[in-house]
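Participant: Sequence below, structure please.
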Amino acid sequence: MKNIDIFVTLGPSSLNKKFLNFVKGKAALVRLNMSHVNLKKLGEKISFIKKNCSVPICIDTEGAQIRIKSNKTSSKKIKLKQKISVKKNKGSFNFYPEEVFSLLRKKDILDVGFEGLQLKVLNKDNKKISLICTKSGIIENNKGVHLKNRKINLNFVTKKDLEAIKIAKKFKIKNFALSFTNSKKDMDKFCKLLPKENKYFKIETSNGLKSLDSFFKREKNFLIDRGDLSKDIGIENIPFAQRMIFKKSKKHKNVRIAIATNFLETMITNPYPTRAEVNDIYNSLEMGAKALVLAGETAMGKHPISCIKLLKKIINVFKKNKKLDV
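Facilitator: Take a look at the predicted model:
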């Protein structure tokens, strides 16, 4: 049986010598998510990781997603029917990347983050967008935004991604992930940008799901991000979508699929997982997952080492039982 890998996202809970020393021989990749990494500190972080850990680093791009950018460190509660405005390049918060301001239009509906906040565009001119809250929730820096009523075309990578890739190449980083891979065109552009490096293409949009056949003919390494995908297609459709992706992938030799998001969500705060989480992991392995990705669990969770130990145990049980089945 081929290896089943663990990919680990680094963040405040895990960017330390103790954790980096622990993951040696246990993780196949350590991931830096550019959506949450300050570009000015990227080189410093890469140097620290390389000094304390031999596990290869993966730079995960921001990709084609709308985000909230706020100059406030604290979150803000937005109440139902509360009206707020976004001024172009001004104010306490804005939309990112910059071109989003010009692409939004009246009656657009925006889902912000995963805590339920929904905003509707009431009016817009060249300087200001007026919005009303249709579902209350929290607004804070870096929250992902999904446009519910239509699709807009964003560049496949951001300016920050391009700078991050330049920095990473100076450190001879060989692994990169393209977030929000929407089309074969996005894939081809990323391949042109990184012709010699190992590339992972993230399936997290409805457009990506529609392009699976062309994706699998073109490349071999993919990652299902169930978090953002659930915002785009509805969380109730994730089980079917995950199974459909694996079914299609089996028609193509050498395609390897990793799965991310919510494997051990409760262990961000609690020392033990739920039975449902353990079952989810085992089911994903049975479907054919070649790698399991820890995100918030290791980036900001209280028990990053315990999460990896648990994943290793479940993988070992799966491998043992798989041999017995044969």
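
Participant: Quick one: low-confidence residue ranges for the protein.
Facilitator: For the chain, applying pLDDT under 70 flags the ranges 1-2, 73-74, 325-326.

Participant: Please spell out which residues along stretch 135-145 are buried.
Facilitator: Gly137, Ile139, Glu140, Asn141, Lys143, Gly144, Val145 (16 or more other C-beta atoms under 10 Å). Where C-beta positions appear, they are placed from N, C-alpha and C, glycine not excepted.

Participant: Using CSV, lay out these together with secondary structure and distance to Glu62.
Facilitator: Converted to CSV, the buried residues of stretch 135-145 look like this (DSSP: H, G, I helix; E, B strand; the rest coil; distance: C-beta to C-beta, whole Å):
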residue, secondary structure, distance to Glu62
Gly137, strand, 22
Ile139, strand, 19
Glu140, coil, 17
Asn141, coil, 14
Lys143, coil, 13
Gly144, strand, 10
Val145, strand, 13
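
Participant: quick one: which of these is nearest to Ser47?
Facilitator: Asn141 (25.5 Å; C-beta to C-beta).

Participant: Next up, the contacts around the closest one.
Facilitator: Contacts for Asn141 (C-beta atoms under 8 Å, 6 or more residues apart in numbering) come out as Ile68, Lys69, Ser70, Lys72, Thr73, Phe93.

Participant: mind running it again at 10 Å?
Facilitator: For Asn141, the contact set (C-beta atoms under 10 Å, 6 or more residues apart in numbering) comprises His36, Arg67, Ile68, Lys69, Ser70, Asn71, Lys72, Thr73, Ser74, Ser75, Phe93, Tyr96.

Participant: what are the phi and psi angles of it?
Facilitator: Asn141 has phi and psi values of phi -60, psi 140 when expressed as degrees, to the nearest 10.

Participant: likewise Leu154?
Facilitator: phi -110, psi 160.

Participant: what's the answer for the one 3 residues further on, then?
Facilitator: Here is the backbone geometry of Val157 (degrees, to the nearest 10): phi -140, psi 160.

Participant: Do I have it right that it meets Lys192?
Facilitator: No - counting by C-beta atoms under 10 Å, Val157 does not reach Lys192; the two are 11.5 Å apart.

Participant: which of these two has more neighbours?
Facilitator: Val157 (24 against 8; other C-beta atoms under 10 Å).

Participant: who's in contact with that one?
Facilitator: Contact analysis of Val157 by C-beta under 10 Å, 6+ apart lists 34, 61-64, 97, 164-165, 176, 178-180, 186, 189-190, 193.

Participant: let's go with 8 Å and repeat that
Facilitator: Going by C-beta under 8 Å, 6+ apart, Val157 touches Thr61, Glu62, Gly63, Ala64, Ile165, Leu178, Phe190, Leu193.

Participant: swap in Asn89?
Facilitator: Glu98.

Participant: so how many other residues sit close to the nearest residue to Lys160 once chain neighbours are set aside?
Facilitator: Closest residue to Lys160 apart from its sequence neighbours, by C-beta to C-beta, 6 or more residues apart in numbering: Leu39 at 5.5 Å. Close neighbours of Leu39, defined as other C-beta under 10 Å, add up to 13.

Participant: which of the contacts of Asn141 lies closest to Gln82?
Facilitator: The shortest approach to Gln82 among those belongs to Phe93, at 13.8 Å (C-beta to C-beta).

Participant: gap between the closest one and Ser35?
Facilitator: 16 Å (C-beta to C-beta, to the nearest Å).

Participant: Buried residues of stretch 309-326, list them for me.
Facilitator: Counting neighbours by 16+ other C-beta under 10 Å, one finds that the buried residues in stretch 309-326 are Leu310, Leu311, Ile314, Ile315, Phe318.
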